[in-house]
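Enquirer: Sharing a sequence plus its predicted fold:
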Amino acid sequence: MDSTGNFITIKPKDEVVAKYIDYYYFHVSDDPLFTKRFFFYPNYKHAITVYKGSDVSLTEEGSVVLPSADDTILSFYSINTDQNFKVQLNGIFNKVGIVFNPLGLNHFLKEPLGNFFDQATNKLDCFGASFVKTLQSVFAERDAEAKGTVLDTFFADAFSGFNEPVVKKAVQEILNSNGSVKVDELSELLNVNRKTLLRLFKKHLCCSVEEYKKLVMFRNALNYSQAMGEEASLTDVALYSLYYDQAHYIKHFKSVTNQSPKALLSKLTKLGSQETYWYFED
């Protein structure tokens with residue numbers, strides 16, 4: 001086990017589930033002296049994070065995780081659009097992550113996402129006791145593939161679909177344009193006014209259209225810079241991500257992370273085999 005704990009990512013095997021869930025991750029440490037603080041950054045692939053045997057305190061900056069005397073299962077869903085989140089991990093922990101593709105979680109809910117969440121990180125209670133029972137089975141498995149199979153089965157059974165064509169089309173246009181499409185263009189393309197579009201985004205994505213556009217642009221820039229490494233200059237990243245120029249990219253990056261790209265990007269750690277990039281403080 002390395003200094004960041006044992007971190008494994010796997011992809012869903014169920015064909016339907018794999019359309020809406022990008023990957024699962026399993027993050028554990030059995031070291032009572034483990035202590036790490038890390039930051040994660042806005043992503044349009046939102047995640048359910050589940051802890052077993054931990055006390056989790058939510059703060060304005062993020063969360064603090066401490067060992068618990070019991071095996072309580074705590075689930076959280078993070079909708080992080082425009083700021084960094086800090087997580088302080090202390091001692092033994094056992095964590096599961098379920099990372100959804102854009103609008104992914106919506107396909108497993110019986111009600112709009114906005115009915116369940118009102119802040120960036122929320123305790124998750126939209127699946128009830130059956131989800132808790134499933135998670136107990138997940139934590140009981142030792143093999144990552146077996147854990148993934150249990151989760152696949154739950155989400156295959158929970159699948160209900162998402163019948164909001166305007167939202168789906170708007171999100172796809174934003175992703176295709178790397179966040180550069182204008183709201184007026186979206187309104188005209190979808191034949192809905194700006195007010196209706198904003199209401200639908202608040203209802204099903206818990207953010208505004210502009211927030212989502214900026215989120216896509218920021219995250220794609222971060223992912224591209226990490227994939228290319230030293231081969232990509234700041235100008236290259238800005239142009240690829242369709243910022244106006246390098247100055248625009250740097251300003252947006254600093255507004256989200258509180259650091260410049262030059263200061264932070266080289267410090268990020270990739271965990272697992274997917275696009276999970278966290279900054280671990282020394």
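Expert: Received it, and whenever you're ready, just let me know what you need.
Enquirer: give me the low-pLDDT residue ranges for the stretch 151-282 of the chain?
Expert: For the stretch 151-282 of the chain, the stretches with pLDDT under 70 are 282.
Enquirer: Please apply the same query to the stretch 1-150 of the chain.
Expert: 1-2, 118-121.
Enquirer: quick one, what contacts residue 175?
Expert: Residues in contact with residue 175, defined by Cβ atoms under 8 Å, 6 or more residues apart in numbering, are 44, 102, 216. C-beta coordinates here come from the backbone N, C-alpha and C atoms, glycine included.
Enquirer: repeat for residue 207
Expert: By Cβ under 8 Å, 6+ apart, the contact list for residue 207 reads 79, 81, 201, 215.
Enquirer: Let's verify it: helix, strand, or coil?
Expert: Going by DSSP: H, G, I helix; E, B strand; the rest coil, the secondary structure assigned to residue 207 is coil.
Enquirer: Same check on residue 23?
Expert: Classification of residue 23 by three-state DSSP places it in strand.
Enquirer: Can you report phi and psi for the most centrally placed residue in the chain?
Expert: The chain has residue 46 as the residue nearest its centroid, 2.9 Å off, counting by Cα atoms, centre = their mean. The phi/psi pair for residue 46 (degrees, to the nearest 10) reads phi -80, psi 160.
Enquirer: now it: how far from residue 271?
Expert: 17 Å (Cβ to Cβ, to the nearest Å).
Enquirer: can you pull out the strands in the stretch 51-200 of the chain?
Expert: Assigned by DSSP state E, counting those that start in this stretch, the strands in the stretch 51-200 of the chain fall at 54-58, 62-67, 73-78, 85-90, 93-100, 121-123.
Enquirer: Include neighbour count and distance to residue 131 when you put the contacts of residue 175 into JSON lines, please.
Expert: Putting the contacts of residue 175 into JSON lines (neighbours: other Cβ atoms under 10 Å; distance: Cβ to Cβ, whole Å) gives the following:
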{"residue": "44", "neighbour count": "22", "distance to residue 131": "23"}
{"residue": "102", "neighbour count": "20", "distance to residue 131": "22"}
{"residue": "216", "neighbour count": "25", "distance to residue 131": "29"}
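Enquirer: wait, the residue nearest to the centre of the chain sits on residue 78?
Expert: Yes. With contact defined as Cβ atoms under 8 Å, residue 46 reaches residue 78; the gap is 6.1 Å.
Enquirer: Common neighbours of the two, please.
Expert: Common neighbours of residue 46 and residue 78 (Cβ under 8 Å, 6+ apart) do not exist.
Enquirer: where does the residue nearest to residue 76 when sequence neighbours are not counted land in three-state SS?
Expert: Of all residues not flanking residue 76 in the chain, residue 49 sits nearest, at 5.0 Å (Cβ to Cβ, 6 or more residues apart in numbering). Classification of residue 49 using three-state DSSP returns strand.
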